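# Fold the following.
(chains A and B)
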Amino acid sequence: MAYDYIIIGSGPSGGNVAYHLNKAGAKCLLLEAGKFFRKETFPRNEADSAAQLYWGGGIEFDADARMAFLRARVVGGTSIVNQCLLDRFDDTALDSWRQQSGVDFFTTEKMAPYYDKVESKLSLHTFTPDDRNRNAVLFSGACEKLGYKWHYLRKGQNDCAHEQGNDCIACLGGCHRDSKQSSLVGYVQKAEKEGLEIITGVMVEKLDVNSERAHVFGVKDNKPVEYYAKNLVLAGGSFGTTKLLLQSGFKAKLPALGKYFSSHPQWMTFGVFDEPVQSHKGYFQTVASKDPSFRTKGFKLENVFAPPISIGMLFNVFGKKHQDIMRNYTKMSCIEVAIRDENIGEIAVDKKGKLVVKKPLSDLDKKKRDEGLDVVENILKTSGAKDIIRSPYYFGLHLMGGCVIGTDAATSVVNPEFNVHGFKNVFIADSSIYPNAPGINPSLSIMAISQKLSDQLIR
Amino acid sequence: MPNTLSPSAKKALTRIGDILLPKNGEFPSFSETGSIAHIDELTSYAPKGDIGDLSMLLTVLSFLPDFVLNWIVNKMENAQYSDGMLSPIFRQLDFGLRGLIFSCYYSEKMGAAYKGKKPLDVIGFSIKRVE
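Numbers count the residues shown, from 1 in each chain, chains lettered A, B, ... in the order given. Prediction:
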């Protein structure tokens, strides 16, 4: 059967586009490599969540195995496992994008209608003083003493049962209340009710595109599958979309394919206190830095925490030393530094079809990291921590670039109309088109840019 | 072919687990918890090739004496700071082995025979889930 559109990937981009095209009457098929979990069926513990919801059985690495990447493989994509913190991009981010890409709609004014549309469909909550747990109180209090600006985060959530004592750290393994405004809740389940066809467990391996039709080849349940459509929307994110185009031979025509990868590398530092902090209780992430000097320097701080397996993985001491640290799990506060990294990473595929990601840290990246870590240490000391532990490990949770948008086919992959250069029936609006790292959580902007594509396709 | 570790590989993983997580006060040792009984549930979701390679490597390690395993664990511990040619391999091994071992140890699921305090209880981790 030929579809009007096949959408590959069900995260914030694919979910948005599939929902709107389906609603507009287009015959759509949504393909997803992962499983379809519901609020009732999400894994109920950390180990099962890591194993069942992520690519690589939990974690993937760059070629040097220094930087770890977390990427969800599930209906709803990474919006299932993130905190759904929804901030608009500022002038700093969009001006930089416009300069690099030559794409003129990257301004706060021109993007505003798309942000408005997305936000109008979601339930948003800006945290308040009462929402803070002790980790957040320690962070914000120390920032105030030191004169650093901070703010309450805005999260996509509907009803987290905070007043009944629900601990939101569980939602890192999929929200069991359909409160978090993930792509699953915001788009996919709604579209499903309106008749969207969704096939899960499909590993798409190759595309064959001509001007009339696009063929999608993949594997489901160890058997080859093939689908046809007039148009394709690729929404597998930075790794998924880039890998698919590389495997399909697009690199020959698009030399920029795989380039300009960035990931907002993040380092976590812990303060150990005499009294319980209980960073994992309640809303576990409510505040972040908002200091203009940090933005200028290229880093931000977030007040975060994680369940025990993840926290244990962050310390590179083993044996009794490890256990002695973990004994203080409930007495730890935590601050994360995320940097606005240079887009010098590169995504490739080896002969076996495996992703090979090169993501070195530049000298400038290291400078941003070190400046951020120094501020973190200062905040933790000021908040009264008796001991400070820096984790040497770092992670990329925001995977961006590889198919960057631009006006020149020599230096970009996607044009300002979201077409892959030279292919009028292949569209991309996911994070793979990001020209560089914005230094702001990307989820809302992925949806806003995808909204622009949806509006364009419906017209 | 099931995506699981061989019995020899599990033995090696248990020995390494005891180096990483020995008995220490209220903390049970890794082997004591019997939590490795649930390892197949976790590896069944991992990429097949990765588990096959890991199983082969662990099977080889199962024949090595304790001091060699200790040496490997020491290399893993310091791999993040090393630029040696083999350091990427030790870094991957570090995350791969610790990932599996910690996932069992800091889990709700202990071995059937284990009656002691769970590591999650030792660290005071509990969450309330309002469904």
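
# With adjacent residues omitted, what lies nearest to whatever residue of chain A ends up closest to chain B?
Across chain A, no residue is closer to chain B than residue A:57, which sits at 3.0 Å (C-beta to the nearest C-beta). C-betas here are computed from N, CA, C, even on glycine. Nearest residue to residue A:57, sequence neighbours excluded (C-beta to C-beta, 6 or more residues apart in numbering or on different chains): residue B:46, at 3.0 Å.

# I'd assumed residue A:60 was in contact with that neighbour.
No - between residue B:46 and residue A:60 there is no contact under C-beta atoms under 8 Å: 11.4 Å.

# Could you measure from the closest residue to residue A:77 other than its chain neighbours over to residue A:62?
Closest residue in space to residue A:77, ignoring its immediate chain neighbours: residue A:11 at 2.3 Å, by C-beta to C-beta, 6+ apart. Going from residue A:11 to residue A:62 by C-beta to C-beta, to the nearest Å gives 21 Å.

# out of those two, which sits in the more crowded spot?
Comparing residue A:11 with residue A:62 by other C-beta atoms under 10 Å in any protein chain shown, the one with more neighbours is residue A:11, at 34 against 21.

# what sits against that one?
A:72, A:76, A:77, A:78, A:79, A:183, A:235, A:237, A:430, A:446 (C-beta atoms under 8 Å, 6 or more residues apart in numbering or on different chains).

# per-residue pLDDT, it?
Listed pLDDT for residue A:11 reads 98.

# same thing with residue A:1?
69.

# mind checking the longest helix of the chain?
If you meant another chain, say so; for now it's chain A. Taking DSSP state H as the criterion, chain A has its longest helix at helix A:363-382.

# ah, no, chain B please
Longest helix in chain B, counting by DSSP H: helix B:87-105.

# Mind checking if that one is in reach of chain A?
Yes - Helix B:87-105 lies within reach of chain A by C-beta under 8 Å from any C-beta of the partner chain, at B:87, B:88, B:89, B:91, B:92, B:94, B:95, B:98, B:99, B:102, B:103, B:104.

# Just the buried positions in that helix, please.
B:87-88, B:90-105 (16 or more other C-beta atoms under 10 Å in any protein chain shown).

# What's the mean pLDDT across the next helix or strand after it?
The first helix or strand that comes after helix B:87-105 along the chain, using DSSP states H and E, is helix B:119-122. For helix B:119-122, mean pLDDT rounds to 98.

# and helix B:119-122, which residues are buried?
Buried residues in helix B:119-122, counted by 16+ other C-beta under 10 Å: B:119, B:120, B:122.

# so who does the second one touch?
It refers to residue B:120. A:308, B:106, B:107, B:108, B:126.

# Count the residues that sit near residue A:207.
Considering only other C-beta under 10 Å, residue A:207 is surrounded by 23 other residues.

# What sits closest to residue A:93 if chain neighbours are left out?
residue A:438 (3.6 Å).

# Contacts only, for the one you found.
For residue A:438, the contacting residues are A:89, A:93, A:94, A:96, A:97, A:340, A:400, A:445, by C-beta under 8 Å, 6+ apart.

# ranking those by neighbours, who comes first?
Result: residue A:400 is most packed of the contacts of residue A:438 (other C-beta under 10 Å), 27 neighbours.

# Find the nearest non-adjacent residue to that one, please.
Setting aside the residues directly before and after it, residue A:400 is nearest to residue A:434 in space (C-beta to C-beta, 6+ apart), at 3.8 Å.

# So for the chain, the centremost residue is which one?
Assuming you mean chain A. residue A:398 (4.2 Å; C-alpha atoms, centre = their mean).

# was after chain B, sorry
residue B:101 (2.1 Å).

# Having no further points to raise, I will conclude here.
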